[in-house]
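Asker: this is a predicted model, with the sequence first.
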Amino acid sequence: MLAGDVAALTNIWSERMMVNSPLGRVSENRAETFRLMQSGVIRYKAFERSIESLRVNADLAVVMGSETVVPDGSAPGAGQQIKRRFTDIWQREGGSTWRMVARHANNSIECAPR
C-alpha cells in the first residue's frame, strides 16, 4: 500500500473486496480502489499499522487495530499525520490463498474521559 504496488495488492486483495473508507465512500471492488490509487486520491508517504486483535474462524479472519498514515501528493490531508481505526476481513479462497475481502477504516476521534 505504501509503495502503491498494484501488482502486489492484486495478489492479496480479492476482486470483490469492498472498502468503507475514511474518505466517506464505499468502494465496491478492488478495481475501484486501484482507480483511486492511480488518480492520487489514495497515496501515502508513511503508513504504520498496529494489530490489536486477530481472530481466525475456519476460512474467515478478522483483524482490528489502529493505523497512522501520512497522505502524500494530492491525496486529501497530504502531509498531515492521521490516526485511524481499522477492521480488515480476510477469507481463504480456493482452499489455500488468503485474500482481503472487506475493509473499514475511520479517522480516530479522541474522546474525553467520562
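Answerer: Perfect, I can see it now.
Asker: quick one: mean pLDDT over stretch 68-75.
Answerer: Taken as a whole, stretch 68-75 has an average pLDDT of 92.
Asker: ok, which stretches of this protein are strands?
Answerer: Chain-ordered strands for the chain, with DSSP state E as the definition, fall at 13-20, 26-27, 44-57, 60-71, 82-93, 97-107.
Asker: columns mean neighbour count and distance to residue 5 on top of the ones you listed, output as TSV?
Answerer: C-beta here means a position set from N, CA and C on the backbone, and glycine is covered the same way. Conversion of the strands of the chain to TSV gives the following (neighbours: other C-beta atoms under 10 Å; distance: least, C-beta to C-beta, whole Å):
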stretch	mean neighbour count	distance to residue 5
strand 13-20	18	11
strand 26-27	15	18
strand 44-57	12	12
strand 60-71	17	16
strand 82-93	17	17
strand 97-107	16	14
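Asker: among those, which comes closest to residue 2?
Answerer: Between residue 2 and the strands of the chain, the tightest spacing by C-beta to C-beta is seen for strand 44-57, at 4.5 Å.
Asker: partner strands of that closest one and their direction?
Answerer: Strand 44-57 has its sheet partners listed here by DSSP bridges as strand 60-71 (antiparallel).
Asker: what is the residue positioned nearest the centre of the chain paired to in the beta sheet?
Answerer: In the chain, the C-alpha nearest the mean C-alpha coordinate belongs to residue 103, at 5.6 Å (C-alpha atoms, centre = their mean). For residue 103, the beta-bridge assignment (DSSP bridges) gives partners residue 19, residue 88.
Asker: that one contacts residue 84, doesn't it?
Answerer: No - if you go by C-beta atoms under 8 Å, residue 103 and residue 84 don't touch, sitting 11.4 Å apart.
Asker: now do the contacts for residue 29.
Answerer: Under the criterion of C-beta atoms under 8 Å, 6 or more residues apart in numbering, the contact list for residue 29 reads 15-18.
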